[in-house]
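*Asks:* Return atomic coordinates for the entry below.
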Amino acid sequence: MRIEYLCRHCHHMVGEIDRPDWSYEDAVQILGLGHLDEVERARTIAYNDHGRWMYILTVCDYCQQAVEAHPELLVEGKLLQ
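*Replies:* Numbers count the residues shown, from 1 in each chain. This next block holds a predicted model:
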C-alpha cells in the first residue's frame, strides 16, 4: 500500500510510505489510525479507486506556522485564499 501525507490547506506532499506488503488493516494499526472516530477518519483519510493508495490529510510546517502567526486566517474556513 502506498500512503501519502498531504497538507489539508496547501495540498503539498509532506511525506510518503510505500509498503506493498501492507493491507488497509495493517496501515490503520501501524499508523495508529484506529484511534480516530468515524468523523475524524472521513475528514482525514481518502483512498484511490483501486484501494492501494491511501491519502492522509495533515498540516505542513509552513501552514502550521502561518496559522500560529495569524489564527484569523482560519476564520474563512480556508487558510489559503
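
*Asks:* Mind jotting down where the helices sit in this structure?
*Replies:* 24-31, 38-44, 61-69 (DSSP state H).

*Asks:* Put the alpha carbons of the shortest one into CSV.
*Replies:* These are the backbone C-alpha positions of helix 38-44, laid out as CSV (Å, rounded to 0.1, in the frame of the first residue of the first chain):
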residue,chain,number,x,y,z
GLU,A,38,-15.6,7.8,12.1
VAL,A,39,-16.0,11.5,11.5
GLU,A,40,-12.2,12.1,12.0
ARG,A,41,-11.4,9.2,9.7
ALA,A,42,-13.7,10.6,7.0
ARG,A,43,-12.1,14.0,7.2
THR,A,44,-8.5,12.7,7.4
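
*Asks:* who's in contact with Tyr5?
*Replies:* Met13, Val14, Gly15, Glu16, Tyr55, Ile56, Leu57, Thr58 (Cβ atoms under 8 Å, 6 or more residues apart in numbering). C-beta here means a position set from N, CA and C on the backbone, and glycine is covered the same way.

*Asks:* now with 6 Å?
*Replies:* Val14, Gly15, Ile56, Thr58 (Cβ atoms under 6 Å, 6 or more residues apart in numbering).

*Asks:* Serialize the helices of the chain to a markdown table and add fields for distance to His9 and mean pLDDT.
*Replies:* Below are the helices of the chain laid out as a markdown table (distance: least, Cβ to Cβ, whole Å; pLDDT from 0 to 100):
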| stretch | distance to His9 | mean pLDDT |
| --- | --- | --- |
| helix 24-31 | 21 | 90 |
| helix 38-44 | 13 | 92 |
| helix 61-69 | 4 | 90 |
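
*Asks:* Many thanks, we can stop here.
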